[in-house]
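A.B. asks: Everything below, folded, please.
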Amino acid sequence: MRQKVWNIRGKILLGFILIIVFLGVLLLAVASRLDDLQTETAYISNHDIEVQNETHIIEKLVLDMETAQRGYILTGVESYLEPYNNAHTSWKEASGKLSELIVGDSRQSERLAKIDQSISTWIETAGDVSIEYKRSYNQAELDKFFKNDPGKPIIDQIRQDFEDFRTYERNATQQRVETLETGNRKLIGYIFLLWLAVTAIALITAITISSNIVKIITQVTRAIRQISTGGNLSSRIKVRTKDEIQALAQTTNELLSRIEQENWQKEQLKEMALSLQNKSSAEELGQVLLQKLAELLGLPAAALYLTSKDESRLVRTASYNLTKEQTSEFQFGEGLVGQCALSRSRVQVDHVPSDILNIQSGFGTVVPVHLAAVPVTFEDQIIAVLEYGTMEELTADQQQFLSELLNTVGASIHATTTRLELDYLYKESQAVNEELQVQTEELQSQAEELQTQTEELTMQAEELQNLNERLESQKTVAEYSARELEKFAKELETSSNFKSEFLANMSHELRTPLNSMLILSQILAENQGGNLSKGEQNYASVIHSSGQDLLLLINDILDLSKVEAGQMDLEMLDVSVKEIAESMQVQFENTAKQKNLAFSVHLAENVPEFVHTDSLRVQQILKNLLSNAFKFTDEGEVSFTIERRDGTHVPQIAPPVDLLAFVVRDTGIGIPEDKQESIFEAFRQAEGSTSRRYGGTGLGLSISLQLAKLLGGALLLESQPGIGSTFTFYLPLNEEGADDLIKRSQASLSKPYESLQEAQAAAAVEENGESASELHPDAVQTELFKNKTVLIVDDDIRNVYALTSFLEKLQMKVLIAQNGYESLDLVSGEQVDLVLMDIMMPEMDGYQAIREIRSTLGFTELPIIALTAKAMKEDREKCLAAGASDYVSKPLDIHYVLGIMQFWLEKNNSQTNDETKELENK
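C.D. replies: Residues are numbered from 1 along each chain as shown. Have a look, this model is predicted:
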């Protein structure tokens, strides 16, 4: 039986198979342990985290019930109970889900049962009970309920129980994680031990296999080294093995033969290049070339044809064994030579006829069997063609040698012809050599300067590349930040919309009852019937004054909300600085006299005539600062100064620009240093105790600071207790700087009006340079209202009663409609001179009613004044778009309303008179 021979592949495969087998065992062990760890990790991820989430869900539902309960009790609005009812039905479902997750843990189940009992107890003793009190209008029980507040201890206990529950779960999770980490450490130990075992087996296998292979390869290497060092390329390697080593030896022998042939070719090419150098003419070069080729390749006949200067002909320059009768010149494409030049490739003819070429010798005439023409090129240009004849076709090695030789010949021919041309040109260039020398020196100088510039540009290019790389990195970071900011901006916008909607609704709900209170208290205070005593008139005046204070508070809250949200519009115009100073002096002169204080207004000489800003906002800030100065100053003086200052000393405004400074100084009580920052916060005052001497909401300075920033300026304070305070309001002077600063702090969106006065002023409709808002209360003509018919459309009986009581005293006929449908019937059936239209009504709102009166009933000229508690700019625009003649927001100033009515009644009378005159003329 013949012994089996192992080749190298088999030996290497055997070693790798052994390693793979042991690695498989290692992977199985690791996979088994990883599966256990994955199961434990999945339990922590799915169970523990879900338990934590469920506890937060239940706790949030309890918080929703508590918040909804208090919201409903405070407002009485049923919509506040929706979260309460949803949470009331959802918390048990969430508790059941949590109970399923903790099955098997008796301690946690007991805690959850305790929490469920506490929630049920709170619902029964606090939630449902207080809501029922509110629904039944049992205020006494509600007061008693809030005094005792039995639900608070339960809620506090629920929070504590939830915290204990989650703490226990976190501890349990931590124990599982520690167990998991212990298992991981064991796994690492197992892997390390198995790795050592596999490494040992791999080393043993590799050493065994490599020793068998290297032993044979070393013998082959020793033989190759002997050949290379001795330079004896004729020696060959002899190997008796029947594996890959034998193939290696055979390949090496073939390589030695190839190298021997290439070395011979290189040596011949080297000799040829040397022999072709420094030839005096192309003919001499060609003759040496042909003789050398005849020796090396055994060519019996050959000729060299050079390309003419016009590259249209090939002229024979040298020949070997040819007679003069053979053609010495060919056009491109003509004959074998011309076709070779045209096709730029080797052309061969076999079996040559005897009448084409005969080679003469001493023994007779010989006819070559093969003719060939080979192109000689230099830089891809045909510069010559070699034509030869042979008795036998050249071998592949000979053809390759000839090809490489002709590449060298092409360079030599080009060098020779070029040198001859240069010799000719050199003789002609002697005349201008001196001039060229001068130009060369100049060019050298320019080249040196250019080199210096090139080096500088190279350095700049490297710096620019580094900068581009940094910018690319910053761009990536910026794009990521932009995406995050965009996401945050959307969330912030949603939150701001909710807040704005809430404030708008609350403003409407507060203005509606406040409207009737202000109108009726104003009527009582005027005592036109003379049936009230002085004390009763004072009571009515106090009610009216308190209502106005409440209205100002509502406006302040709207102002603060809009400024903080960046939703306040600015009307930037060129405002007279002198008019601002005069306005402040007129408005506060009487206040100074009443408090027996000195009041001075100073306008510096360096102050410009105009400043580009929002006049309304600037005056709002200054009025607040001066009002505070007079409020907190009992003796001494208050001064108001306007001057120009350098912006470099005001770091709050960047970049620095020229500033206009409005300085308000007083000798009042002053502000402690530790309170100087807090007074600019909303609802904060320097004196915040329950026995404080000075009133106010603490919103004025907060709004003023935000408005100053919105205008691109700043508001700074310097004060000492007992000495006084100095408030400085800075505005940027140049228009470009102001606009740039404002753009960074303002988001121009259509939002609520800044105050009731602004909403009323905005409602005025300008025509022929006049406006209803320009009418003074004293200008109201009561005779104009006598016997006029006014239609009041409002679903709130309090507003109807207040307006009716006042208008009937003016001897007006008052018609009442409680919704849009009733107003349509009265307008079409009665002679109505003017309509006061509420907007928010049941069945048909004011917008639809106005559109129906205008379009369907055709009363296009009938004055319709929209009266609504919604003081939003978009509401005014919507009213006017629906067809309203004018717009007034609640609560109403009755004299202002009379001025609006007078404006439109006079306008309507004027149109009627014009139409009457026109008919008479016809």
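
A.B. asks: Now do the helices in the stretch 201-350 of the chain.
C.D. replies: Secondary structure of the stretch 201-350 of the chain by DSSP state H, counting those that start in this stretch: the helices cover 244-276, 282-297, 335-343.

A.B. asks: Any chance of JSON lines for the ones you listed, columns mean neighbour count and mean pLDDT?
C.D. replies: C-betas here are computed from N, CA, C, even on glycine. What follows is these, written out as JSON lines (neighbours: other C-beta atoms under 10 Å; pLDDT from 0 to 100):
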{"stretch": "helix 244-276", "mean neighbour count": "14", "mean pLDDT": "69"}
{"stretch": "helix 282-297", "mean neighbour count": "18", "mean pLDDT": "78"}
{"stretch": "helix 335-343", "mean neighbour count": "19", "mean pLDDT": "82"}
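
A.B. asks: quick one: which of the ones you listed is nearest Ala113?
C.D. replies: helix 244-276 (79.8 Å; C-beta to C-beta).

A.B. asks: secondary structure element for Pro153?
C.D. replies: For Pro153, the element it lies in under DSSP states H and E is helix 151-230.

A.B. asks: Which strands or helices does that helix pack on?
C.D. replies: Applying 3 or more C-beta pairs under 8 Å, 6 or more residues apart in numbering; DSSP states H and E, we find helix 151-230 packed against helix 8-43, helix 49-75, helix 106-122, helix 244-276.

A.B. asks: among these, which is nearest Leu520?
C.D. replies: Closest of these to Leu520 is helix 49-75, at 24.2 Å (criterion: C-beta to C-beta).

A.B. asks: Counting neighbours, which bits of whichever helix or strand comes after that closest one end up buried?
C.D. replies: Counting by DSSP H and E, the next helix or strand C-terminal to helix 49-75 is helix 81-101. Neighbour-count burial for helix 81-101 flags 81, 83-84, 87-88, 91, 94-95, 98, 101 (criterion: 16 or more other C-beta atoms under 10 Å).

A.B. asks: mind giving me JSON lines with those and columns for pLDDT?
C.D. replies: Conversion of the buried residues of helix 81-101 to JSON lines gives the following (pLDDT from 0 to 100):
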{"residue": "Leu81", "pLDDT": "77"}
{"residue": "Pro83", "pLDDT": "81"}
{"residue": "Tyr84", "pLDDT": "81"}
{"residue": "Ala87", "pLDDT": "77"}
{"residue": "His88", "pLDDT": "77"}
{"residue": "Trp91", "pLDDT": "81"}
{"residue": "Ala94", "pLDDT": "78"}
{"residue": "Ser95", "pLDDT": "76"}
{"residue": "Leu98", "pLDDT": "76"}
{"residue": "Leu101", "pLDDT": "74"}
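
A.B. asks: quick one: which of those is nearest Leu570?
C.D. replies: For those, the nearest to Leu570 is Pro83 (38.2 Å; C-beta to C-beta).

A.B. asks: Next up, the contacts around the closest one.
C.D. replies: By C-beta atoms under 8 Å, 6 or more residues apart in numbering, the residues touching Pro83 are 64-65, 67-68.

A.B. asks: Quick one: which of the residues you listed is the most crowded by neighbours?
C.D. replies: Within the contacts of Pro83, neighbour counts (other C-beta atoms under 10 Å) peak at Met65, which reaches 27 neighbours.

A.B. asks: Can you give me the distance of that residue to Pro83?
C.D. replies: 7 Å (C-beta to C-beta, to the nearest Å).

A.B. asks: what about the nearest residue to Val814 once chain neighbours are set aside, how many residues close to it?
C.D. replies: Nearest residue to Val814, sequence neighbours excluded (C-beta to C-beta, 6 or more residues apart in numbering): Thr804, at 5.0 Å. When neighbours are defined as other C-beta under 10 Å, Thr804 has 17 of them.

A.B. asks: Quickly check the contacts of Pro83 for the two that are furthest apart.
C.D. replies: Pairwise distances across the contacts of Pro83 (C-beta to C-beta) peak at 7.5 Å, for the pair Met65 and Thr67.

A.B. asks: For this structure, name the helix or strand with the lowest mean pLDDT.
C.D. replies: helix 756-762 (a mean of 37; mean pLDDT, DSSP states H and E).

A.B. asks: For the spatially most central residue of the chain, pull up the helix or strand it's in.
C.D. replies: In the chain, the residue lying closest to the centroid (C-alpha atoms, centre = their mean) is Ala482, at 2.6 Å. Assigned by DSSP H and E, Ala482 belongs to helix 433-526.

A.B. asks: That helix versus helix 49-75: what angle between them?
C.D. replies: Helix 433-526 runs at 40 degrees relative to helix 49-75, counting by axes from the mean of the first three to the mean of the last three C-alpha atoms, to 10 degrees.

A.B. asks: and helix 433-526, what does it pack onto?
C.D. replies: Helices and strands touching helix 433-526, by 3+ C-beta pairs under 8 Å, 6+ apart, are helix 534-565, helix 797-809, helix 894-921.

A.B. asks: picking that back up, ok now the helix holding Pro153, how far from the chain's centre?
C.D. replies: 42 Å (C-alpha atoms, centre = their mean, to the nearest Å).

A.B. asks: Now do Gln52 against Leu98, distance only.
C.D. replies: 10 Å.

A.B. asks: make that Leu803, sorry
C.D. replies: 59 Å.

A.B. asks: got it, and Arg185?
C.D. replies: Noted for Arg185: a distance of 33 Å to Leu98, by C-beta to C-beta.

A.B. asks: same deal with Asn624?
C.D. replies: 54 Å.

A.B. asks: cool, Phe599 as well?
C.D. replies: Taking C-beta to C-beta as the measure, Phe599 falls 69 Å from Leu98.
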